[in-house]
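A.B. asks: take a look and give me a structure for this.
(3 chains)
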Amino acid sequence: MKSIISVKNLTKIYERGSEKIHAVDGVNLEINQGDIVSVIGESGSGKTTLVNLIGCLDNPTSGELYLDGQQIFAQGVELSESKLTRIRSEFFGYVFQKFFLIPTLTVKENILLPSIFQSKVKTSEKELDEIMTLLGILKRKNHLPSELSGGEMQRVAIARALVGKPKILIADEPTGNLDSKRSQEIKDLLIKLNKEFGITIIMVTHSPELAKIGNRMIEIKDGKIS
Amino acid sequence: MKKILLTLFFLIGVQSNVFAAVGCDLNDPDRDVKRLFPTSTGYKTDYKSLDRMGGEETLKEVEAKLGDKFSGIYETIDVPYTVYTIFKGKEIIGYIHGINQKGKYGGLQVFLAFDPKGNVLDFYYQKLTSREAVQMRSKEFATQFKDLSFVDFKTYNPTTQANIPAQISKVENVDFYSTLRAVKKNLILMNIFVYDNQGE
Amino acid sequence: MNVFQLSYKNLFRRKVRTLFTIIGITLSTWVLVTLLGFNKGYENSLNDNIEGMGFQIVLTAKGCPYEAATLMLKGGTGLRYMPEEMVADVASRKEVAQATAQLMHVEFDPNKGENGGSVVYLGIDPTTFAEMKPYLEFTQGKWFEQQTGNVVVLGYEAAELEQREVGDLMLLSGSEAEYEVVGVLKRTGTQDDGMIFLPLQTAQKAFNKQNELTMLGIRLNKDVNQTAFEEELYKLPDVQVVSMAQVKNTIMGLVSSAKVIVLSIAFIAFIIAMFGVLNTVLMSVFERYQEIGILKSMGAMPKDIFKMILIETTILCSAGGLLGIGFSYLFSGISEVAIRYFLPFAPNGKLILIDSQIALFAFVSITLIGIVGGMYPAWRASKVRPLDSIRSE
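C.D. replies: Numbering: from 1, shown residues only, chains lettered A, B, ... in the order given. Okay, the predicted model is just below:
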């Protein structure tokens, strides 16, 4: 299996007053294409920070990151926000605990949001329908978010993350806001996406149920893989 | 500076904003009301016009009763008529109503004061431009109109000048008949505006 | 879907807030357009009025105009006169293209009002006067043609008061004779409305002012040096020379200080509008902090977000601006009445003149002001990092 993510000695230090907090402390990690990686750990363990660094949502204090063999973070080089944006849209799709759907846009428009900002994203009506069918929200195409259930909203958010055809899906507590039935649906969906599109999934979760679907489970403690 | 400004006022003129047809108002309502109704405690001003009270139809009705046509550029359907309702406390003790009438040498403004039943209490010219008008302006002349009402003028014909009410003695003045026409018109209008066409 | 549509739809999230912001912008545009329109209209009307008088220079007896104006307003006597020979001499000078001599007379009329009032008569030369005051129109009849004779032309209100029409007779207080009405002027909104015009010589005879005149209105030949000519006139004994250019400058000088105040108000209204926009947009940015972060995680560049917020601002401002311009067109009549009520002197004609230039200027400037107000919120928004939106959960 080809390695898609390669993390070397990745460190993130936050300064809180005079105190230095090692949120991520020298992590080394290889993730292969098609992996489902569950990142678990207690609150404040640094799991979200690690995933944010991998997802290029933040610059590390030190360490290196390679995506698909391409060096992203090099020692001592901080990337600009626009550079990070470009990298993010090239590799990642994100799903968060909150859905952040735009209330004035329909389901379809929400899903197509990335296409406004990324010229490479050109989603045909057919592709869109396919994604929506896959996620079971086709009937909701022209509805407003306020008319949807929580599970449906998360599925719209996932569809939105998928239209950019990302190689990697970063999911931060994707079922955090859902009841167990809806969580099950999302769980099944993630498995399906991984199987059908070969998308690499990195997810942070508290839920042991969800964590179980990963072919790898990484537990973070005090900023380190334990 | 002041001089120049005033010159300008003088030359270009002060803007006047009143563009409606002219009505017939009391010159000094507070004082006039007190003079005609010494016991009054207040009054209310209403603006009536044939235009707003049935329009063309009412105009025809008034002309028929008057026995004469409305004529000229000033006696029109949109002329506002000012009716002063006089109060003593909450009780209505009378009305004052004046109308413009074309005279030989100028405009006449003939005012009548009424009791609540429609009888004339007082008559006076607010304006009269005429030669030798002393007789017309005399107290004797005005007194003749006292106690008359719409009914007394019903048969007076302003065109033929026939059927002058018996109480009124003729005065040799070019504006005598204009005055009678004005009084009749005043009575007719008041009968419509206030007295619900009584005596018809 | 594009950024524009996204921005547009964003405005519908908080309809009430959007509405109030638009109202704020509308009001300030309205104020601006109306004030600018007034600025232009007032000057134009004043020019027209002064041009319309047909006089460049008015020659009067010393101290006369002031008293005449007082007479008109308060009643009384005390007009002063110039000898006819002197006036004739001035009128015949080679610099003069046209001149019209007038005799003003004020008479107490015991029949006017409760305690009597003054009536103003103007003796005029029908040939020259009509030519120099071409804007006077008739409801009935026309100007008398003869220089003498017992004929009058009445201003509209004078005619209405006396219920006079062409062909009617009239008595003039101060004269024993009967006069025939030959013309009734249309309403002008000026003092001409209350005026009674009669032939100059008739007036001189009737009011016993033989060889006396009150005023001479003069129009000069083209290429005549007006200042030099005025200097020349000042050499005459006991005359006052009023130059219309000077009158206009004085008025404009007076008005210009008012204009400064007026434009400052417009400016303040603008600044308020700008902060209104800034506040509204900033609030909406703060509210959407996380959402903007998510948009960034979807590939939105800082410039995209900046653009999005700025488009929202522009839509707000241009909508408000257009409405404001519409309102000022629609209600310019009402504004005009209000201005006339408050201004001590307002010329005839349109006081508020809103043309495409003003409308365009107001639209562009309110939009620019709004954009300036939207800059900071847009910049703040563009700086939002996706991480912040996740962290602030």
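A.B. asks: going by C-alpha atoms from here, please, whenever you check contacts or count neighbours.
C.D. replies: Noted.
A.B. asks: name the helix or strand for residue C:240, please.
C.D. replies: Using DSSP states H and E, residue C:240 sits within strand C:239-243.
A.B. asks: name the helices or strands packed onto the following helix or strand past that strand?
C.D. replies: Tracing the chain past strand C:239-243, the next element assigned as helix or strand by DSSP H and E is helix C:244-287. Counting contacts by 3 or more Cα pairs under 8 Å, 6 or more residues apart in numbering or on different chains; DSSP states H and E, helix C:244-287 packs against helix B:2-12, helix C:15-53, helix C:302-330, helix C:356-382.
A.B. asks: any part of stretch B:162-179 near chain C?
C.D. replies: No - applying Cα under 8 Å from any Cα of the partner chain, one finds stretch B:162-179 separated from chain C by no less than 12.0 Å.
A.B. asks: now, of the helices and strands packed on helix C:244-287, which is deepest in the fold?
C.D. replies: Comparing the helices and strands packed on helix C:244-287 by mean neighbour count (mean count of other Cα atoms under 10 Å in any protein chain shown), helix C:302-330 comes out on top with a mean of 23.
A.B. asks: and the next helix or strand past it?
C.D. replies: Using DSSP H and E, the next helix or strand after helix C:302-330 towards the C-terminus is helix C:332-342.
A.B. asks: can you point out the buried residues in that next one?
C.D. replies: Neighbour counts over helix C:332-342 (16 or more other Cα atoms under 10 Å in any protein chain shown) mark C:332, C:335, C:336, C:339, C:340 as buried.
A.B. asks: give me the mean pLDDT for it.
C.D. replies: Taken as a whole, helix C:332-342 has an average pLDDT of 81.
A.B. asks: got the angle between it and helix C:15-53?
C.D. replies: Counting by axes from the mean of the first three to the mean of the last three Cα atoms, to 10 degrees, helix C:332-342 lies at 60 degrees to helix C:15-53.
A.B. asks: given the strand holding residue C:240, what are its sheet partners and their directions?
C.D. replies: Here strand C:239-243 is paired, per DSSP bridges, with strand C:57-61 (antiparallel).
A.B. asks: list the contacts of the closest residue to residue C:322 other than its chain neighbours.
C.D. replies: Nearest residue to residue C:322, sequence neighbours excluded (Cα to Cα, 6 or more residues apart in numbering or on different chains): residue C:363, at 6.8 Å. Shown in contact with residue C:363 (Cα atoms under 8 Å, 6 or more residues apart in numbering or on different chains): C:29, C:318, C:321, C:322, C:325.
A.B. asks: between those, which is nearest chain A?
C.D. replies: Using Cα to the nearest Cα, residue C:318 comes nearest to chain A of the contacts of residue C:363, at 21.3 Å.
A.B. asks: find the nearest non-adjacent residue to the closest one, please.
C.D. replies: Nearest to residue C:318 is residue C:367, by Cα to Cα, 6+ apart, at 5.7 Å.
A.B. asks: make sure residue B:76 is indeed in a strand.
C.D. replies: No - under DSSP: H, G, I helix; E, B strand; the rest coil, residue B:76 falls outside any strand and is assigned coil.
A.B. asks: state the number of residues packed around it.
C.D. replies: 15 (other Cα atoms under 10 Å in any protein chain shown).
A.B. asks: now it: how far from chain C?
C.D. replies: 12 Å (Cα to the nearest Cα, to the nearest Å).
A.B. asks: show me the contacts for that residue.
C.D. replies: Neighbouring residues of residue B:76 by Cα under 8 Å, 6+ apart: residue B:70.
A.B. asks: can you rerun that using 10 Å?
C.D. replies: B:21, B:49, B:50, B:51, B:59, B:70 (Cα atoms under 10 Å, 6 or more residues apart in numbering or on different chains).
A.B. asks: can you redo those as JSON lines with distance to residue C:355?
C.D. replies: Below are the contacts of residue B:76 laid out as JSON lines (distance: Cα to Cα, whole Å):
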{"residue": "B:21", "distance to residue C:355": "33"}
{"residue": "B:49", "distance to residue C:355": "39"}
{"residue": "B:50", "distance to residue C:355": "41"}
{"residue": "B:51", "distance to residue C:355": "37"}
{"residue": "B:59", "distance to residue C:355": "44"}
{"residue": "B:70", "distance to residue C:355": "45"}
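A.B. asks: how about the residues of chain C by chain A?
C.D. replies: For chain C, the contact set with chain A under Cα under 10 Å from any Cα of the partner chain comprises C:1-6, C:8-13, C:288, C:290-305, C:382-391, C:393.
A.B. asks: at 8 Å instead, please
C.D. replies: Proximity of chain C to chain A (Cα under 8 Å from any Cα) is limited to residues C:1-3, C:9-10, C:12-13, C:290-291, C:294-302, C:304, C:385-387, C:390.
A.B. asks: spell out the secondary structure type for residue B:57.
C.D. replies: Strictly by three-state DSSP, residue B:57 counts as helix.
A.B. asks: list the contacts for it?
C.D. replies: By Cα under 8 Å, 6+ apart, residue B:57 has no neighbours at all.
A.B. asks: pLDDT score assigned to it?
C.D. replies: 84.
A.B. asks: for residue A:198, which non-adjacent residue is closest in space?
C.D. replies: residue A:34 is the one closest to residue A:198 (Cα to Cα, 6+ apart), at 5.0 Å.
A.B. asks: confidence score at the one you found?
C.D. replies: 89.
A.B. asks: hmm, residue A:193 and it touching each other?
C.D. replies: No - in this structure, residue A:34 is not within contact of residue A:193 by Cα atoms under 8 Å, at 10.0 Å.
A.B. asks: who has more neighbours, the two?
C.D. replies: Set residue A:34 next to residue A:193 and count neighbours by other Cα under 10 Å: residue A:34 wins out with 20 against 17.
A.B. asks: roughly how far apart are the more buried one and residue A:94?
C.D. replies: Distance of residue A:34 to residue A:94, given as Cα to Cα, to the nearest Å: 16 Å.
A.B. asks: need the helices for chain B, in chain order.
C.D. replies: Using DSSP state H, the helices assigned to chain B run over residues B:2-12, B:29-36, B:56-66, B:139-143, B:150-153, B:176-193.
A.B. asks: tell me which of the buried residues of helix C:332-342 is nearest to chain B?
C.D. replies: Nearest member of the buried residues of helix C:332-342 to chain B, counting by Cα to the nearest Cα, is residue C:340, at 8.2 Å.
A.B. asks: would you mind measuring from that closest one to chain A?
C.D. replies: Separation of residue C:340 from chain A (Cα to the nearest Cα): 48 Å.
A.B. asks: residues in contact with that residue?
C.D. replies: With contact taken as Cα under 8 Å, 6+ apart, residue C:340 is in contact with residue C:346.
A.B. asks: and stretch A:80-91, how far from the chain's centre?
C.D. replies: How far stretch A:80-91 lies from its chain's middle: 14 Å, per Cα atoms, centre = their mean, to the nearest Å.
A.B. asks: mind checking if it is in reach of chain C?
C.D. replies: Yes - looking at stretch A:80-91 against chain C by Cα under 8 Å from any Cα, the contacts come from A:81, A:82, A:85, A:86, A:88, A:89.
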